[in-house]
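1. this one's sequence-less:
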């Protein structure tokens, strides 16, 4: 089963203090790397001053269960342009105000524009 949880527009930006933020709609997530842990998204409770835009486009979040060629987790996909998408596994879902951090793992698994959809 593949279920679309949400979709919309995203923007990835850099800040003056060299941080990267991913905005899914209006909600921002600080994107960072922690040694021995990997990539993290952290729920942002405030707005940040944008220095430059890194990327923007559409995003989709899917819930996957019992699909033979896909991992049973939430999948975040960001459009890169030209029909290309980058997939990420959300190991514990997106961060929230209560659970402010979660791991994000890049993957070659892409659901959008494929037969799985």
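-> Arrived safely, thanks for sending. For clarity, every value in this text was computed on a predicted model and none was experimentally measured. Numbering: from 1, shown residues only.

2. any weak-confidence spans in this structure?
-> Residue ranges of the chain with pLDDT under 70: 115-117.

3. so where do the helices sit in it?
-> Counting by DSSP state H, the chain has no helices to list.

4. tell me if I'm right that residue 38 and residue 103 touch.
-> Yes: counting by CB atoms under 8 Å, residue 38 sits close enough to residue 103 to count as a contact (5.8 Å). Heads up, the C-betas are built off the backbone N, CA and C, glycines and all.

5. of these two, who's got more company?
-> residue 103 (16 against 12; other CB atoms under 10 Å).

6. check contacts around the closest residue to that one other than its chain neighbours.
-> Spatially, and ignoring its direct neighbours in sequence, residue 103 is nearest to residue 91 (4.5 Å; CB to CB, 6 or more residues apart in numbering). Residues counted as contacts of residue 91 (CB atoms under 8 Å, 6 or more residues apart in numbering) are 73, 102-105.

7. how close does residue 91 sit to residue 46?
-> Going from residue 91 to residue 46 by CB to CB, to the nearest Å gives 25 Å.

8. where exactly do the strands run in the chain?
-> For the chain, the strands defined by DSSP state E cover 2-15, 20-24, 27-34, 38-43, 50-64, 74-81, 84-90, 101-107.
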